[in-house]
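Colleague: Make a model of this:
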Amino acid sequence: MRRKLSKAEREQVLKKCDGHCAYCGCSLEHEHMQVDHVIPLRKGGADELENMLPACKSCNWYKSTMTVDQFRAYLEQIPARLMRDSIPYQVGMRFGIIKQGEPQIKFYFENHKEE
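Modeller: Numbers count the residues shown, from 1 in each chain. This next block holds a predicted model:
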C-alpha cells in the first residue's frame, strides 16, 4: 500500500528537479505535481523518497507501471505507431509537414543530474 506523503516530503520530491517534471521537463506547481515511483511499486520499488520523482499528470499517467527504460522505449515507438495508425500523420509526412527523426529520448532528470 502506498503511503501518504507530507507536504514537506512532496516539496522534497519537487525540488529534485527544481520544480519540473522529471520526464518532459515542463514546469510544475506543487498542487499539480504527481509523485512517480521510478521503480514502480508493482515491480518491487520502494515507497521511499529515494524512489520518487516529480511528474506532470500526463507523464505519470503514460509511464504508469513501466520502468524508466520501458517508458523510454514506449515513447520511442510513438512515430511508428502514428505512421501505422494515423492517416493525418501519414499525409503530414508525405507533404513534409511532419519531420520524423531518430527518437533518442533523454529525460529531464537525466539531463538535470549532469548539471
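Colleague: Is Asp47 inside a helix or a strand, and which specific one?
Modeller: Asp47 belongs to no helix or strand when elements are defined using DSSP states H and E.
Colleague: gap between it and Val35?
Modeller: 10 Å (CB to CB, to the nearest Å). Quick note: C-beta positions are derived from backbone N, CA and C, even for glycine.
Colleague: Pick out whichever of these two has more residues nearby.
Modeller: Using other CB atoms under 10 Å, the more surrounded residue of Asp47 and Val35 is Val35, with 18 against 13.
Colleague: Help me confirm that that one comes into contact with Leu49.
Modeller: No: if you go by CB atoms under 8 Å, Val35 and Leu49 don't touch, sitting 9.3 Å apart.
Colleague: and for those two, which residues touch both?
Modeller: Taking CB atoms under 8 Å, 6 or more residues apart in numbering as the criterion, Val35 and Leu49 both touch Val13.
Colleague: which parts of the helix or strand harbouring Asn111 are buried?
Modeller: Assigned by DSSP H and E, Asn111 falls within helix 108-114. Buried residues in helix 108-114, counted by 16 or more other CB atoms under 10 Å: 108-109.
Colleague: what is the rounded mean pLDDT of it?
Modeller: Averaged across helix 108-114, pLDDT comes to 83.
Colleague: Would you mind extracting the C-alpha trace of the lowest-mean-pLDDT helix or strand in the chain into PDB?
Modeller: None of the helices or strands of the chain scores lower by mean pLDDT, DSSP states H and E than helix 108-114, at a mean of 83. Extracted as PDB, the C-alpha positions of helix 108-114 are listed here (Å, rounded to 0.1, in the frame of the first residue of the first chain):
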ATOM      1  CA  TYR A 108      14.800  15.900 -17.900                       C
ATOM      2  CA  PHE A 109      16.000  14.300 -14.700                       C
ATOM      3  CA  GLU A 110      18.900  12.600 -16.700                       C
ATOM      4  CA  ASN A 111      20.000  16.000 -18.100                       C
ATOM      5  CA  HIS A 112      19.400  17.600 -14.700                       C
ATOM      6  CA  LYS A 113      21.800  15.100 -13.000                       C
ATOM      7  CA  GLU A 114      24.600  16.100 -15.400                       C
END
